[in-house]
Structure formats: structure tokens, C-alpha cells
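Participant: need a 3D model of the sequence below.
(one chain, ligands or ions: 1)
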Amino acid sequence: MNSPSTELRESFGSRIGVIAAAAGSAIGLGNIWRFPYVTGENGGGAFLLVYLAFVIFIGVPVMLSEFVIGRRSQRNPVGAFKKLAPRTAWPLIGFIGITAAFTILAFYTTVSGWTLEYLYLSFVNGFGTAKKAELSTQFSNFVADGYRPLFWQLVFMLLTAYIVLKGIKNGIEKYTKILMPMLFLIIMLLVIRSVTLPNSYAGLVFLFKPDFSKITADVVIQALGQSFFSLSIGMGTLITYGSYINKKDQLGTTAISVSLADTLIAVLAGVAIFPAVFAFGIAPESGPSLVFITLPMIFSQMTGGQFFEIIFFILLAIAALTSTISVLEVVVAYLAEELKMSRKKATILASVSISILGILCTLSQGPLPELRIAGYSLFDALEKSSANIFLPIGGLFIVLFVGWKMKKEDVFDEITNQNTLKGRFKIIYLLIIRFAAPVAIALVFLNGLGIFGSGVEA
Ligand code: TRP
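Facilitator: Numbers count the residues shown, from 1 in each chain. All right, here's what the predicted structure looks like:
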């Protein structure tokens with residue numbers, strides 16, 4: 001416990017800071033950009049139900065397990081497994097996490113760059129009285145351009161690297177604490193505007209009325225993937241953040257609060273978006289462009305639209321930023337602790353190498369359509385494989401590790417803060433991570449293995 005690297009470790013300064021940082025990681029483009037469009041593509045209400053079930057029964061336990069591994073080991077994801085299970089193959093899970101960090105950040109910074117362009121656009125003229133057709137051409141022209149998206153992507157990567165360089169307390173924690181509550185307020189405003197649009201009711205029906213005939217193996221795996229992605233689990237982000245959580249803080253309540261906040265924001269984003277989708281006659285299955293067309297439409301219908309638009313895109317960019325820093329932090333913590341690099345060197349190396357993949361990802365949407373994997377553009381391939389493959393596999397091994405490899409006493413010791421807490425749910429938690437969660441993840445996964453097989457080779 002007293003190796004030099006442990007003494008240098010920072011930790012979060014306060015309980016609220018922990019929740020803000022972890023919620024900051026969880027709440028991001030996954031909630032506001034990805035959740036609505038994946039829900040739209042998968043039929044609405046029924047998808048939402050499956051999604052919620054996964055968050056409660058698998059998401060929360062996986063999140064808690066990551067916190068347990070992190071706080072117990074006081075290490076980055078690779079180092080954590082090395083320390084808790086020396087001379088075994090378990091650290092490979094950490095490496096899968098590092099790989100996932102690369103794939104996620106590559107496409108995530110592409111989309112984060114889009115939010116900066118939209119912020120810029122809302123400053124220069126707003127979307128004024130733009131019609132649906134104009135807004136969708138504007139979006140596809142921008143994405144296809146190649147250079148503008150690249151510019152914004154790199155700006156975003158620089159911002160991320162800057163905050164990560166500043167460290168935990170004065171970087172990550174300081175910013176997230178103020179910004180997350182503001183995001184919530186703005187989303188509430190959008191919700192109000194959206195549900196008061198004519199014909200908005202159809203959108204609420206789409207989102208909340210389950211049509212069970214729509215549930216297929218693919219829908220189920222998409223729901224699992226989305227829940228992992230949105231909660232930031234399965235990759236070691238929360239192992240890393242867990243390692244910065246103070247011994248006094250409660251891991252269980254933290255996992256529950258963070259998951260609740262994340263789910264609330266996703267559902268609110270859905271309520272802001274689907275009524276508008278139906279009111280303006282946009283196809284709910286429009287894919288990644290959905291919110292970039294719908295939201296400007298809502299803004300153009302609001303009094304003071306430009307003002308709200310500016311604030312909204314500022315906050316969306318920030319929500320994205322508090323997520324990207326949490327992903328970059330994983331790679332940086334790994335390089336710094338395991339390969340003994342300085343934090344600065346680690347941050348530069350990580351950001352530059354991730355940017356290379358990120359640039360290819362952005363170009364695959366525009367000037368370099370040849371960049372394809374298994375019939376998908378590089379962007380789509382990274383986006384789908386990270387959420388639907390890497391994260392569930394990571395999550396599966398994380399629960400197996402805590403459930404079967406770690407000593408039960410150690411796990412309980414960690415979640416009850418050395419028996420100072422009652423830990424009323426610890427048996428249920430143990431049963432879930434030993435049996436229910438691994439079986440469920442494995443089943444969903446095997447069942448959905450068709451994801452890359454359904455006619456995409458053409
Ligand atoms: N959860 C974030 C979002 O919804 C994205 C994210 C941050 C993430 N860290 C992660 C996803 C770790 C998976 C794993 O936008």
C-alpha cells in the first residue's frame with residue numbers, strides 16, 4: 001500500500017465532488033445524442049423498458065463492482081487487476097478497457113466536435129426560421145466537409161487534455177460540480193417547450209407506450225450496450241474514479257445516485273426530443289443526426305430561441321467534456337502508473353495517439369468513405385462495437401471478478417466501509433454479480449451475436 005505511486009495518488013475532495021465527477025462521466029452525449037437516436041431506431045417504448053431493466057439489475061451492480069475494484073486496489077484498471085489478482089490473466093480485462101477507451105474517444109470526440117460547430121452556428125446567426133430540409137442539409141454538408149469537423153474535434157481533444165493535465169481536484173471535480181446542475185435546468189426548459197408543441201403527444205406515446213412486438217435480440221443487445229455506454233461502465237472508467245474515492249464515502253449510494261441522475265437526464269432528453277420529432281415530422285429512426293436536426297428545430301420555434309440555443313450547446317459541449325476527460329483519464333492513469341510516465345507525458349502521448357484514430361473516424365464520415373469495417377463506416381463500426389461488444393464483455397468479467405475471484409469478505413468490507421455501514425443489500429448484490437448479471441450479459445450477448453451478421457456484408 002505504501003509504494004511511491006500510491007502516495008502520489010490524488011483523491012476527490014468531497015462526497016459531492018465524487019458524485020459530480022462520476023455523474024459527469026456518465027452524463028454526456030450518451031444521454032442527449034445517443035439515447036434518443038438509439039431509442040428511435042429501436043422502436044421507442046419497449047426499448048426504454050428493456051433499457052431501464054438493464055440499468056437497475058445490471059448497470060448499478062456493475063458500477064458498484066467497478067468502484068469496489070478501484071477503491072480496494074487504488075490503481076488504474078490494469079494495475080488494479082494486477083494488484084488484486086497477481087500473476088493471473090485478469091489484467092487483460094484492464095487492457096480491453098484501454099482499447100475501449102481508444103475506440104470510444106475516437107468517435108466521441110468526432111461528435112463532441114459537432115457540438116462545438118453547432119455552438120458556433122448558434123452564435124453567428126442562430127437557426128432562425130430554418131426549415132427541416134435546410135437543417136438536415138446543413139448537418140450532412142457539415143459532416144461530409146471533413147475539415148471543419150476535424151478542426152472542432154482537435155479543439156475538443158485539446159480541451160480534454162488540458163483538464164486531465166490539471167488533475168482530479170482542480171480539474172475534473174471543480175468543473176463538473178457547477179456545470180451538471182446547469183445542464184439539468186436547460187433540459188427542463190427544452191422539455192417544456194417540446195411538450196407544448198402542437199402534436200407533441202405522439203412523441204410521448206412513442207417514447208412511453210411499449211409495443212412488445214418490437215423487441216428482438218438486436219433491440220435487447222442495443223439496450224444493454226446503451227445502458228453500459230450511458231453509465232460509463234464496462235471499461236474501467238469507474239475503476240479509475242473509484243480509486244480516487246475516499247475511504248469514508250459510501251460506494252453503494254454513490255452508484256445508485258449516479259445511475260439515477262444518468263437515467264433521469266436520458267429520459268428527459270427523450271421527452272425533449274420525441275415530441276418535437278413528431279411535431280416536425282422528422283423520422284424517429286434518423287440515426288446519429290437526429291438531435292442535430294430536432295433540437296435546432298425546437299430552438300427556431302422558441303421565443304428567445306437563440307439565447308437558449310447558445311446555452312444549450314455550451315452545456316452539451318461541457319457534458320461531453322466531463323465524459324471525455326473520464327475516458328482519457330483511464331489511459332493516462334495507466335500510462336502514468338504502470339509505465340511510470342509523468343502525468344504530462346502520459347497525457348500528451350494518450351491524446352495524440354487517440355487523435356490519430358479520431359481523425360480517421362471523422363474522415364470516414366466525409367472525404368474518406370473507403371474507411372470501412374464489416375460494411376460500416378469506421379465511425380459507425382467503432383461506435384457500435386464499443387458499446388455493444390467491448391463494454392458488455394468488460395462488464396461481464398468485472399462482475400465475475402468481484403463475484404468469484406475476490407474474497408467475499410473483502411468485497412463486503414469495501415462496500416460496508418470496514419463494517420461501519422449496515423450494507424443491507426449486500427447479499428442481493430452478491431447474488432446478482434455472481435449469477436444473475438453474468439448469465440444475463442452472456443445470454444444477451446450470445447443471442448445478439450448476429451449484430452455484425454445481418455446483411456451488412458453487402
Ligand atoms: N457515459 C458517457 C456518455 O453517456 C460516455 C462515457 C464516458 C463512457 N466514460 C465512459 C462510456 C466509459 C463507456 C465507458 O456520454
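
Participant: how many other residues sit next to the residue of the stretch 301-450 of the chain found nearest the ligand?
Facilitator: In the stretch 301-450 of the chain, the residue that lies nearest the ligand is residue 323 (3.9 Å; CB to the nearest ligand atom). Every residue, glycine included, has its C-beta placed from N, CA and C. By other CB atoms under 10 Å, 26 other residues sit near residue 323.

Participant: local confidence estimate at it?
Facilitator: The predicted structure scores residue 323 at 95 on the pLDDT scale.

Participant: element containing it?
Facilitator: Counting by DSSP states H and E, the element that carries residue 323 is helix 305-338.

Participant: quick check: the residue of the stretch 301-450 of the chain closest to the ligand touching residue 32?
Facilitator: No: Residue 323 lies out of contact with residue 32 (CB atoms under 8 Å); the separation is 10.7 Å.

Participant: next up, the contacts around the residue of the stretch 301-450 of the chain closest to the ligand.
Facilitator: 24, 25, 26, 27, 28, 29, 30, 108, 232 (CB atoms under 8 Å, 6 or more residues apart in numbering).

Participant: ok, now residue 173?
Facilitator: Here residue 173 is in contact with 12, 13, 14, 17, 20, 21 (criterion: CB under 8 Å, 6+ apart).

Participant: helix or strand for the closest residue to it other than its chain neighbours, just tell me which one.
Facilitator: If the residues on either side of it in the chain are set aside, residue 173 comes closest to residue 17, at 4.2 Å by CB to CB, 6 or more residues apart in numbering. Residue 17 is located in helix 15-26, with elements delineated by DSSP H and E.

Participant: tell me the confidence at residue 124?
Facilitator: pLDDT, read off for residue 124, is 88.

Participant: distance of the residue nearest to residue 173 from residue 332?
Facilitator: From residue 17 over to residue 332 the distance is 19 Å, taken as CB to CB, to the nearest Å.

Participant: more neighbours, the two?
Facilitator: Higher neighbour count among residue 17 and residue 332: residue 332, with 27 against 22, using other CB under 10 Å.

Participant: the more buried one reaches residue 350, doesn't it?
Facilitator: Yes: assessed by CB under 8 Å, residue 332 is found in contact with residue 350 at 5.3 Å.

Participant: sec struct for the residue of the chain at minimum distance from the ligand, please.
Facilitator: Residue nearest to the ligand within the chain (CB to the nearest ligand atom): residue 30, separated by 2.0 Å. When classified by DSSP: H, G, I helix; E, B strand; the rest coil, residue 30 comes out as helix.

Participant: from residue 282, how far off is it?
Facilitator: From residue 30 to residue 282 the distance is 21 Å (CB to CB).

Participant: equivalent analysis for residue 378, please.
Facilitator: 26 Å.

Participant: low-confidence ranges in the stretch 201-350 of the chain?
Facilitator: Within the stretch 201-350 of the chain, the set of residues satisfying pLDDT under 70 is empty.

Participant: what's near enough to touch the closest residue to residue 183 other than its chain neighbours?
Facilitator: Spatial nearest neighbour of residue 183, excluding adjacent residues (CB to CB, 6+ apart): residue 315 at 4.4 Å. If a contact means CB under 8 Å, 6+ apart, then residue 315 has 179, 182, 183, 186 as its contacts.

Participant: now find how far off-centre the helix or strand containing residue 384 is within its chain.
Facilitator: Taking DSSP H and E as the definition, one finds residue 384 inside helix 378-385. Distance of helix 378-385 from its chain centroid, counting by CA atoms, centre = their mean, to the nearest Å, is 14 Å.

Participant: neighbouring contacts of it?
Facilitator: With CB under 8 Å, 6+ apart as the contact definition, helix 378-385 has outside contacts at 103-104, 106-107, 110, 225, 288, 357, 360-362, 364-365, 371-374, 376, 451.

Participant: these, buried ones only, as a PyMOL selection?
Facilitator: To isolate the buried ones among those in PyMOL, judged by 16 or more other CB atoms under 10 Å, type:
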select buried, resi 103+104+106+107+110+225+288+357+360+361+362+364+365+371+376+451
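
Participant: restrict the contacts of helix 378-385 to contacts with the ligand.
Facilitator: Filtering those for neighbours of the ligand using CB under 6 Å from any ligand atom leaves residue 104.

Participant: list the contacts for residue 199?
Facilitator: Residue 199 sits next to 278, 279 when contact means CB under 8 Å, 6+ apart.

Participant: near the ligand, which residues of the chain are found?
Facilitator: Counting by CB under 6 Å from any ligand atom, the chain sits next to the ligand at 25-26, 28-31, 104, 229-230, 232, 235, 237, 323, 326-327, 391.

Participant: again, only using 5 Å
Facilitator: 25-26, 28-30, 229-230, 232, 235, 237, 323, 326-327 (CB under 5 Å from any ligand atom).

Participant: circling back: can I get the contacts of residue 323 in a markdown table with neighbour count?
Facilitator: Listed next are the contacts of residue 323 as a markdown table, based on neighbours: other CB atoms under 10 Å:
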| residue | neighbour count |
| --- | --- |
| 24 | 28 |
| 25 | 27 |
| 26 | 29 |
| 27 | 29 |
| 28 | 30 |
| 29 | 23 |
| 30 | 28 |
| 108 | 30 |
| 232 | 29 |
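
Participant: mind putting the residues you listed into TSV with distance to residue 424?
Facilitator: Shown next, in TSV, are these (distance: CB to CB, whole Å):
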residue	distance to residue 424
24	28
25	27
26	24
27	28
28	31
29	35
30	30
108	37
232	26
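
Participant: re earlier: and the helix or strand following the helix holding residue 323, what's buried?
Facilitator: The helix or strand immediately downstream of helix 305-338 is helix 343-363, counting by DSSP H and E. By neighbour count with 16+ other CB under 10 Å, helix 343-363 contains the buried residues 343, 346-348, 350-351, 354-355, 357-363.

Participant: kindly report the same for stretch 183-191.
Facilitator: Neighbour-count burial for stretch 183-191 [16+ other CB under 10 Å]: 183, 186, 187, 190, 191.

Participant: including secondary structure and pLDDT, could these go into a markdown table?
Facilitator: Formatted as a markdown table, these follow (DSSP: H, G, I helix; E, B strand; the rest coil; pLDDT from 0 to 100):
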| residue | secondary structure | pLDDT |
| --- | --- | --- |
| 183 | helix | 82 |
| 186 | helix | 84 |
| 187 | helix | 89 |
| 190 | helix | 87 |
| 191 | helix | 92 |
